[in-house]
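**Student:** This is a predicted model, with the sequence first.
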Amino acid sequence: QLTRNIHWQPALLSSFRSSRPVQDLDKYPEVEVHKQPPEWRFVERLLPPTTVPKPVEKKDYPSGWRPQTEDGSEAGYYVSRTKNHMVPVYLQTKFRGQRRITVVRHIQGDIWQLEKDLRAVVEQARNGKLCATRVNELSGQIHIHGDHVDVVREHLKERGF
């Protein structure tokens, strides 16, 4: 009979019902509250950093990564890096992978000039074949039809972005 009542009245077997009532505060031991206890440093060690740290300056990096050197004053446009210091060039796949679109984000300045430069680089990589592009000025993005992520990313790294 006890097993039947568990499902209907689960509070009967909980620790809330069987616990002692609260007593006067004088009967409890004194507790001292610290704002920064010394043990907190061990917890802070395990927490992830709130911001991504700046990369260490080196001449060459083993992964081929290069820091951003261009500020956009010469070209008239600027492609800022992501918060992880990566070049913001992405591949979008649609229609179950049938349509591939290369997306360049975080563009500031003359986005139309950057679109002309990227179109020329992609067409050169495609042996002179034309490529379709779409510019979104409000969001600061350029969409290039096809999978040209490596070509565009390398071009932007060479330019210092």
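**Tutor:** Yes, it's here. On a predicted model such as this, the values are computed, not experimentally measured, just so you know.
**Student:** Can you tell me the element residue 112 falls in?
**Tutor:** Using DSSP states H and E, residue 112 falls within helix 111-125.
**Student:** for this structure, which spans come out with low pLDDT?
**Tutor:** The chain contains residues with pLDDT under 70 at 1-17.
**Student:** Between the two ends of stretch 22-39, what distance do you get?
**Tutor:** 30 Å (Cα to Cα, to the nearest Å).
**Student:** quick one, helices of the chain?
**Tutor:** 2-8, 15-18, 40-46, 111-125, 149-159 (DSSP state H).
**Student:** Compute the inter-axis angle for the helix holding residue 112 and helix 149-159.
**Tutor:** 120 degrees (axes from the mean of the first three to the mean of the last three Cα atoms, to 10 degrees).
**Student:** what's next to helix 111-125, contact-wise?
**Tutor:** Outside helix 111-125, the residues that touch it by Cβ atoms under 8 Å, 6 or more residues apart in numbering are 75-77, 79, 104, 107, 129-131, 133, 135, 137, 140, 142, 144, 146, 148, 151-152, 155. Every C-beta, even on glycine, is put in place using the N, C-alpha and C of the backbone.
**Student:** Might one say that residue 159 is in contact with residue 70?
**Tutor:** Yes. Contact criterion Cβ atoms under 8 Å: residue 159 and residue 70 qualify, at 6.0 Å.
**Student:** where along this structure do the strands fall?
**Tutor:** 77-79, 89-94, 99-104, 107-109, 133-136, 141-145 (DSSP state E).
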